[in-house]
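Participant: Any chance you can model this:
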Amino acid sequence: MPVVGTLTCLLFVGACASPTHRSGGAAPAGSPEQTASAPTTGTPASSAPPAPSSDAASTALVLGPNGLGPLKLGMPRQQATATGLLRPFTDFVGECAPAQLKSAPTDEGNVFLSRTLGIATIAAYGSIKTPEGARVGMSSADMLRVYPGWAAADGDATNGRGVVKAPGNNKAVYRIETVKGTVAQLTLQYANQNCYE
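Facilitator: Next up, the predicted model:
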C-alpha cells in the first residue's frame, strides 16, 4: 500500500481492516493482549485481610466513662443492637435482658439492658482497658494505684468486690472484683443500675 494510503488507513481506522495478531509477534497497540495485566504471584490484591482475633478486637476498644466504642450507657435496645457489637439479647429476666459482646469469649463481655435505664452495664474482657489503664488480669496493687478511690463493698482489694467513680461521668462507676490479688472482673455501669446486686 502506498504511504498516503497507509496514513489514510491510520487516520480512518474504521475504513481499514484491523490487524490480526499472530502468535510470536508483538501485539498491536491497544489490543486486549497488550492491555491485559500480567499474571501475578503470591497473594491476590483482592483477597480480604484475615479477621482480627477477639484479643485484637478488644485491644482497639476502650471502656470509657460513657461506654465501649459506639456502645453507650443509656442506649435503648435498637440503638445498642445497631452498633454491631452485640450478640442478640435474650428475654428479660425481671428488669434486665442480658447480651454478650460479639468478640468476647464465652461467658465474658456481658452487657445488661435495663427496661428503665437502657444499657446499664458493660463488662470488659481480654485486653480492654479503661482510659486510666485498668484491665482484667492486672494485680490488685496496680488497680489501687490506678484507682486509689476504689472502695470495697465485699471483702477487700485482694479478694473482694467494690466500685470507683468513673472519671468523666458522675452517673457511672467501675465495678471491680478481685480474686487472689488479681482483677477478675471489670464493669462500667450506672451507679444506680437495677440489674444485679
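Participant: what sits against Val111?
Facilitator: With contact taken as Cβ atoms under 8 Å, 6 or more residues apart in numbering, Val111 is in contact with Leu71, Ala80, Leu86, Pro98, Ala99, Gln100, Leu101, Ile119, Thr121, Ile122, Ala123. Backbone N, C-alpha and C define where each C-beta goes, glycine included.
Participant: Now do the same for Gln79: helix, strand or coil?
Facilitator: Using DSSP: H, G, I helix; E, B strand; the rest coil, the structure places Gln79 in helix.
Participant: In helices, which of the contacts of Val111 appear?
Facilitator: Residues of the contacts of Val111 located in helices (DSSP state H): Ala80.
Participant: Any chance of a markdown table for the contacts of Val111, columns neighbour count, pLDDT and distance to Lys165?
Facilitator: Shown next, in a markdown table, are these (neighbours: other Cβ atoms under 10 Å; pLDDT from 0 to 100; distance: Cβ to Cβ, whole Å):
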| residue | neighbour count | pLDDT | distance to Lys165 |
| --- | --- | --- | --- |
| Leu71 | 22 | 98 | 20 |
| Ala80 | 22 | 98 | 24 |
| Leu86 | 21 | 97 | 26 |
| Pro98 | 17 | 97 | 25 |
| Ala99 | 20 | 97 | 25 |
| Gln100 | 21 | 97 | 26 |
| Leu101 | 26 | 97 | 24 |
| Ile119 | 27 | 98 | 19 |
| Thr121 | 22 | 98 | 16 |
| Ile122 | 28 | 98 | 16 |
| Ala123 | 22 | 98 | 18 |
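Participant: now, which of the contacts of Val111 sits nearest Gly155?
Facilitator: Lowest distance from Gly155 to those (Cβ to Cβ) belongs to Ala123, with 19.1 Å.
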